[in-house]
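> Sequence and computational prediction follow.
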Amino acid sequence: MSGSSRVAVQDRAAFLRRPEHRLLRVAALAGLVVVWEALTRVGWIPALFLPSPVGVLTELGEMAASGQLFVHLGASLRRLLLGFAAGGGAGVAVGVMTGFFSRADAVGQPLIAATFPIPKIALLPLLILWLGIGEPSKVAVIALGVFFPMAINTYAGVREADPLLVRAAVAFGAGRWSVIRKVIVPSALPMIFAGLKLGAGTALLLLVAAEMIAADSGIGFLVLHAGNIMDTTKLMVGIVVLSLLGLLSHWALACCERLAVPWRHT
Amino acid sequence: MRVIVDRLSKTYRDRTGRELAALVDIALRVEPEEFVAVLGPSGCGKSTLLGIMAGLLPATAGQVFFEGERRDGQPLTATVFQEFALFPWRSVRRNVEFGLEELGAAPEERKECVARFIAMTGLEGFEDKFPHQLSGGMRQRVGIARALAVDPAVLLMDEPFSALDAQTRTLMMEELLGIWERARTSIVYVTHNIQEAVYMADRVVVLSRRPGRVLDVVPIELKRPRHEGQMGEPAFVHAQERIWGLIKTQAQAALREGRA
Ligand SMILES: Nc1ncnc2c1ncn2[C@@H]1O[C@H](COP(=O)(O)OP(=O)(O)OP(=O)(O)O)[C@@H](O)[C@H]1O
Ligand SMILES: [Mg+2]
């Protein structure tokens, strides 16, 4: 059949759109907690294996009130921040140097390639031997864990810097250090932040491991100790705090990135 | 400042060792306070020539000399890049400020100078925008302002008005001629546009297709200050035709080569 007719244009790409579904996101999380609480209420799962969310929250409140929580949290945060700052700072410095100077690259590359695959936690006994059982060995193992992703990411970011922009800076009189400060580092910032996010995960992992192996304070110690005395509620408090710590560090880094890399977000 | 380009050659060599001759035996002089346009087909090595003059690329053979007096702290050259080369992490204001920063100018002096050149290039109201928030033509003007702000002895411009609409381009050409007449710098101005070259330059250097050689140097005998009315004058038309004659055979040959 032929003939003329009028056809309205349909949005044929509608099914490709991905709306955010905020409500669904919240519901998923709330659903998990509700199912969990229900399971424990019915009594199918003994509280020893899985304490109820309400019980965990109550315990959290009590530990906060008694100050016990903050002793452990404080000890963990201190190790985390010190290790993160030391490892991150050294990683960025080494990444920039090896990325920019060919001699530093020639020396640094093979060293990094040789030491990078070592699981850092395996070095803890050695670090304890060198630095003692106290804080320095724990901070050092975290610093080591953060150092490698930072150095490798920063290196990649530096190598990716647009040579045209480097030449433009030189054309306007920039010397070596000026180029590094005003072109290389800003170019590498997005990669540096990607490294920081990777490093944050590694740091948390190493923190808990180190505190389980050799500590008498910290969230890792809390979790292990609670497990040993079969205090599952306290154990779950530790796990919840760790998960919040991970979320918080990711969120804080994302905020810093938005401030430090404004040309990527507007 | 006088620029002497002495039998300059440039051969690019890639990682596999293959060679590509971009420039062969270029000799030319830019006299103090002279405006020289460099014209040639795409890929003939114009940007390469400017890069070598700016000290950003090594030459394979030959040399470039600068001769003459310079004010204290005046940079030898400043470049307007064909690809703009703005720093994406710097606002318009801070991009324009870049060269002044490197020269070690005082903050108040920088601020005053930046404001002047932002106004001159019609970028007022966009000082705090980042390059990705600007149109192509605006980005190009930021690049021009950045180079003008350092007041170099020799200004190297690589197709500086290519992204501008015809009207803005005419205005910017007049503006540039005004600046040049006041500052009395030497200018090397790379372009594809014959009319633009004849309108602005004292001499037009015509390059052959790749590898670039100097085909001819055409002097433009038009009175200054230049104005649009001169575009109908016999001297203007004659220069334009002469250059077109040189370019045409080159372009045709290049096109034939491309088809073959
Ligand atoms: N970094 C490089 N490595 C290898 N070859 C290059 C490089 N830069 C340019 N070339 C080659 O050198 C030749 C000249 O390039 P150039 O950019 O100087 O040309 P141009 O005259 O500025 O062209 P256009 O008018 O299109 O800007 C071209 O054939 C190009 O392929
Ligand atoms: Mg070019």
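All right, it came through fine. Ligands and ions are numbered 1, 2, ... in the order given.

> CA only for contacts and neighbour counts going forward, please
Will do.

> can you give me the strands for chain B?
For chain B, the strands defined by DSSP state E cover B:2-13, B:19-30, B:35-39, B:61-67, B:77-80, B:154-158, B:186-191, B:203-207, B:214-219.

> among these, which is nearest residue A:117?
Of all the strands of chain B, it is strand B:2-13 that lies closest to residue A:117, at 37.2 Å by Cα to Cα.

> what are the pairing partners of the closest one, and which direction each?
Partners of strand B:2-13 in the sheet, by DSSP bridges, are strand B:19-30 (antiparallel), strand B:61-67 (antiparallel).

> how far off strand B:154-158 does the shortest one point, in degrees?
For strand B:61-67 against strand B:154-158, the angle between stretch directions is 130 degrees (axes from the mean of the first three to the mean of the last three Cα atoms, to 10 degrees).

> what does strand B:61-67 contact?
B:1-10, B:25, B:52-53 (Cα atoms under 8 Å, 6 or more residues apart in numbering or on different chains).

> go on, stretch A:137-145?
A:79-80, A:82-88, A:120-121, A:123-124, A:127-128, A:130-131, A:199, A:202-203, A:206-207, A:210-211.

> now the residue nearest to the spatial centre of chain B: how far from residue B:226?
Chain B has residue B:157 as the residue nearest its centroid, 1.7 Å off, counting by Cα atoms, centre = their mean. Note on residue B:157: its distance to residue B:226, by Cα to Cα, to the nearest Å, is 19 Å.

> try residue B:101
In terms of Cα to Cα, residue B:101 sits 34 Å off from residue B:226.

> which residues of the stretch 151-266 of chain A score low on pLDDT?
Along the stretch 151-266 of chain A, segments meeting pLDDT under 70 span A:265-266.

> residues from it in reach of chain B?
A:164-165, A:167-168, A:170-174, A:183, A:186, A:261-263 (Cα under 8 Å from any Cα of the partner chain).

> Let's see the pLDDT reported for residue B:95.
Looking at residue B:95, its pLDDT reads 97.

> before we move on, the earlier item: contacting residues for the residue nearest to the centre of chain B?
Counted by Cα under 8 Å, 6+ apart, residue B:157 has contacts B:50, B:79, B:80, B:81, B:82, B:187, B:188, B:189, B:190.

> Repeat the analysis, applying 6 Å as the threshold.
B:79, B:80, B:189 (Cα atoms under 6 Å, 6 or more residues apart in numbering or on different chains).

> The stretch 51-200 of chain A: helices as residue ranges?
Using DSSP state H, counting those that start in this stretch, the helices of the stretch 51-200 of chain A run over A:53-66, A:68-100, A:102-115, A:124-131, A:135-159, A:163-171, A:176-179, A:185-213.

> Tell me which of these sits most buried.
Highest mean neighbour count among the helices of the stretch 51-200 of chain A (mean count of other Cα atoms under 10 Å in any protein chain shown): helix A:135-159, with a mean of 26.

> can you give me how far that one is from the chain middle?
Here helix A:135-159 is found 12 Å from its chain centre; the criterion is Cα atoms, centre = their mean, to the nearest Å.

> gap between the closest residue to residue B:140 other than its chain neighbours and residue B:91?
Residue nearest to residue B:140 in three dimensions, not counting chain neighbours: residue B:84, with 5.6 Å by Cα to Cα, 6 or more residues apart in numbering or on different chains. From residue B:84 across to residue B:91, the span is 14 Å (Cα to Cα).

> Likewise for residue A:43?
In terms of Cα to Cα, residue A:43 sits 62 Å off from residue B:91.

> more neighbours, those two?
residue B:91 (21 against 9; other Cα atoms under 10 Å in any protein chain shown).

> Can you give me the neighbour number for the closest residue to that one other than its chain neighbours?
Excluding its sequence neighbours, the residue lying closest to residue B:91 (Cα to Cα, 6+ apart) is residue B:130, at 4.5 Å. For residue B:130, the neighbour count with other Cα under 10 Å is 23.

> what do you get for residue A:120?
Neighbours of residue A:120 (other Cα under 10 Å): 18.

> From chain B, how far off is it?
Distance of residue A:120 to chain B, given as Cα to the nearest Cα, to the nearest Å: 36 Å.

> what's the closest non-adjacent residue to that residue?
Closest to residue A:120 by Cα to Cα, 6+ apart is residue A:145, at 6.0 Å.

> Check residue A:215 too.
Counting by Cα to Cα, 6+ apart, the residue nearest residue A:215 is residue A:221, at 6.3 Å.

> Backbone dihedrals for that neighbour, both of them.
Dihedral pair for residue A:221: phi -60, psi -40, per degrees, to the nearest 10.

> now it: how far from chain B?
44 Å.

> My read is that that residue contacts residue A:212, right?
Yes - under the criterion of Cα atoms under 6 Å, residue A:221 makes contact with residue A:212 at 5.1 Å.

> related to what we said a few turns ago, between which two of the contacts of strand B:61-67 is the distance greatest?
B:1 and B:10 (24.0 Å).

> Looking at those two, which one has more neighbours?
Regarding residue B:1 and residue B:10, a neighbour count based on other Cα under 10 Å identifies residue B:10 as having more, with 24 against 21.

> from the chain's centre, how far out does stretch A:34-52 sit?
On Cα atoms, centre = their mean, the centre of stretch A:34-52 falls 31 Å from the chain's centre.

> Stretch B:240-256 now?
21 Å.

> any bit of it sitting next to ligand 1?
No - applying Cα under 6 Å from any ligand atom, one finds stretch B:240-256 separated from ligand 1 by no less than 11.7 Å.

> For that stretch, buried residues please.
Buried positions in stretch B:240-256, judged by neighbour count with 16 or more other Cα atoms under 10 Å in any protein chain shown: B:240, B:243, B:244, B:246, B:247, B:250, B:251, B:254.

> Just the buried residues of the contacts of residue B:157.
Neighbour-count burial (16+ other Cα under 10 Å) applied to those gives B:79, B:80, B:189.

> Export those residues as JSON lines, with columns for pLDDT and distance to ligand 1.
Listed next are these as JSON lines, based on pLDDT from 0 to 100; distance: Cα to the nearest ligand atom, whole Å:
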{"residue": "B:79", "pLDDT": "97", "distance to ligand 1": "14"}
{"residue": "B:80", "pLDDT": "97", "distance to ligand 1": "13"}
{"residue": "B:189", "pLDDT": "96", "distance to ligand 1": "12"}
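
> just those now: which is nearest residue A:17?
Using Cα to Cα, those come closest to residue A:17 at residue B:80, 42.2 Å.
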